[in-house]
Structure formats: C-alpha cells, structure tokens
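Enquirer: Just a sequence and a predicted model for now, questions to come.
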Amino acid sequence: IAKIIKTIDNKYLCIGYQKNDSLLMKVDSLGEVLWEKINDRGKDDMVVDGILTDDGGFILIENSGKSAQFFLASSEMWIIKYDSKGEKISEKSFPGRHGSIVRGKDGNYVIAYDKSGTAKQDIWVKSIDKDLNGKWDVNITSTDFGLESFKIGSLTNGDYIVAGPIMLRPWVSYIDSTGTKKWDFHNKTMEPASGTDFISKDNNCFIISSVVAITDQKITNKVKVIKFQP
C-alpha cells in the first residue's frame, strides 16, 4: 500500500500494488474490504498517488513500466478518474514515472512527475482540468541519480511547491499558478539529511529531515525544519 485516502463517506481508499498489478481497495473503519480493483497493463504496475474529487470519486496516478534500477527505468504515467464505486470513468497516459498530485485553488489538478527514462531524473509539473485535459506543463529541474523522492503541495495563494532531497540536501522549487517557475533552492553545503518530507500550510512550506552527525565518536540525531515562504 503506497497511500491511504479518507473518502467523503468516512471510509478509506487504499492504493498501491499487488503482484506487479495496480491495486485500489476501499475499506470501512473496521478494515473490512468493501470492494477491490486490480489493474493489469502487462508491465510492472503500481498506483503511486491519488486525490478525491468533489463528487465522491477520485483521481489516481499510476506507473506502468519496469521496476529495474530502483524504479528509475522507463515508465508510462496513467491519470485515471473513477466514480465513488471505483468504476473507471476516463484515463489518459504520457511518458513518466513516480508522481504526486494536488488540487489547486482554481479547481484544476497539478502533478509533479519524472519524465526521464534513465537513472537520471527530469522533473516536470503538469496541470490538468477535471476532465483530465492538459492546461500547462513545465520542466522545473534535471539531476543525475540522487533525488530520493519528491512531492507537490498547493498554497492558498494558488501557487505550488515541489520539494525533496537531492544528494541528501533539501531542494525546493516554487511554481506560480500559471506554470512559471519563480525560484529554486538547493544548498549543497548544508549538512546531509535523510528521511526528508514536507508539508504546505497556507502560503508556507516546511521541510522536515533527519540529520545524523558523528563527533568525538558520538552519534547525534536531530530533526531539522526549514521554513520557506513565497
């Protein structure tokens, strides 16, 4: 299971994979399975993220490709729209892998994903409307192998933050509501960190990471928080 999403009827949507097939499963508060869907595209398939829609349905982001090279081989991104019963309404695909989705202030959905098909990474941000039609698509960074993970967050002013660790240093990219990248942050001299995650709240972004230091044969662990604003 890659993610659990609480639905509008106070149930839970579990998404991920099972035996190289994409899995989506709805359970109640006691863990009883209400329904289960398996999607097999004939490759290594998995659901990596999802978001609820206003009508009780949901949109899922699925990868279909090769799991070699730590899931850094070529892949195809699928954006799939479902109703509240888990029945597929529509879907679209394009080259890409991984992926993180949020809903913007304008009602559109925005996806951060990796367009590369090699061990290098090429991070893009794509905006789609409720019918899965593309609005804009922008490249925000490219890097050799070293980006552990990344995800996107939305701000109350309508803009977006994409963040993650590159070579164990926090990386942040700020994109406005029109798809224009405004700034990047990546300080290579900062102390190495792991387990990096982030949350967005109002117009703020908080990067949280774990820092381990060894001094005088002693190991020191600490949590580091960095706050960013537009």
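Expert: Happy to help now that I have it.

Enquirer: Low-confidence bits of this protein, can you list those?
Expert: 69-70 (pLDDT under 70).

Enquirer: And the helices in it?
Expert: Remark: helices assigned in the chain by DSSP state H are 68-71.

Enquirer: For the spatially most central residue of it, list each beta-bridge partner.
Expert: The structure's the chain has its C-alpha centroid closest to Ser100; by CA atoms, centre = their mean the separation is 1.9 Å. Beta-bridge partners recorded for Ser100 (DSSP bridges): Ala112.

Enquirer: gap between it and Gln18?
Expert: As defined by CB to CB, to the nearest Å, Ser100 lies at a distance of 21 Å from Gln18. No exception for glycine: its C-beta is placed from N, CA and C like everyone else's.

Enquirer: Likewise for Phe71?
Expert: Note on Phe71: its distance to Gln18, by CB to CB, is 16 Å.

Enquirer: now swap in Ile61 and tell me
Expert: Distance of Ile61 to Gln18, computed by CB to CB: 17 Å.

Enquirer: of the two, who's got more company?
Expert: Per other CB atoms under 10 Å, whichever of Ile61 and Gln18 has more neighbours is Ile61, with 26 against 14.

Enquirer: my guess is that one contacts Ile111, does it?
Expert: Yes - with the criterion set as CB atoms under 8 Å, Ile61 and Ile111 qualify as a contacting pair; they are 6.4 Å apart.
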